[in-house]
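Engineer: Build me a model:
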Amino acid sequence: MSERRRGFPTVAITSEFKAPLAYGDVAIVELVVRRIGRSSVTFAYDIRRKRDGGLTFHAEITTVLVDLDSFEPVPIDDELRAIFQRFLSG
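Structural biologist: Numbers count the residues shown, from 1 in each chain. Below you'll find the model as predicted:
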């Protein structure tokens with residue numbers, strides 16, 4: 001961030017609580033990249049109970065790569081795009 005002067009602020013969030021976690025439950029967090037745009041990336045988070053695999057929470061968060069000085073969107077470069085593509089899931 002400080003060298004390249006780039007950042008990924010959040011521009012949209014949707015979330016839904018599906019089922020409770022009880023005290024002592026172990027939560028398993030899965031993070032995937034749902035979509036890669038020109039300057040945006042959408043991440044999906046699922047939290048499941050370890051004991052039964054039950055889905056307890058789902059969220060999708062969209063971020064945009066911006067120039068930290070102007071706060072204008074900038075295209076995602078090939079290096080970052082390649083990293084995100086490793087975690088891309090339909």
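Engineer: how about the helices in the protein?
Structural biologist: In the chain, the helices defined using DSSP state H lie at 78-85.
Engineer: Could you list the low-pLDDT ranges of the protein?
Structural biologist: Low-confidence segments of the chain (pLDDT under 70): 1-2, 90.
Engineer: one more time with 90, if that's ok
Structural biologist: 1-4, 89-90 (pLDDT under 90).
Engineer: Show me where it has its strands.
Structural biologist: 6-7, 10-17, 27-36, 40-49, 55-64, 66-67 (DSSP state E).
Engineer: what's next to the second one, contact-wise?
Structural biologist: Pointing back at strand 10-17 there. Strand 10-17 has contacts (CB atoms under 8 Å, 6 or more residues apart in numbering) with 40, 56-64. C-betas here are computed from N, CA, C, even on glycine.
Engineer: Mind doing that once more with 10 Å?
Structural biologist: 40, 42-45, 47, 55-64, 66, 73 (CB atoms under 10 Å, 6 or more residues apart in numbering).
Engineer: ok, of the residues you listed, which come out buried?
Structural biologist: 40, 42-44, 47, 56-58, 61-64, 66 (16 or more other CB atoms under 10 Å).
Engineer: Max pairwise distance over those residues: which two?
Structural biologist: Thr56 and Val66 (32.1 Å; CB to CB).
Engineer: Leaving out sequence neighbours, find the closest residue to the residue most central in space within the chain.
Structural biologist: In the chain, the centroid-proximal residue (CA atoms, centre = their mean) is Phe43; its distance is 2.7 Å. Excluding its sequence neighbours, the residue lying closest to Phe43 (CB to CB, 6 or more residues apart in numbering) is Ile61, at 5.0 Å.
Engineer: Sweet, I'm off.
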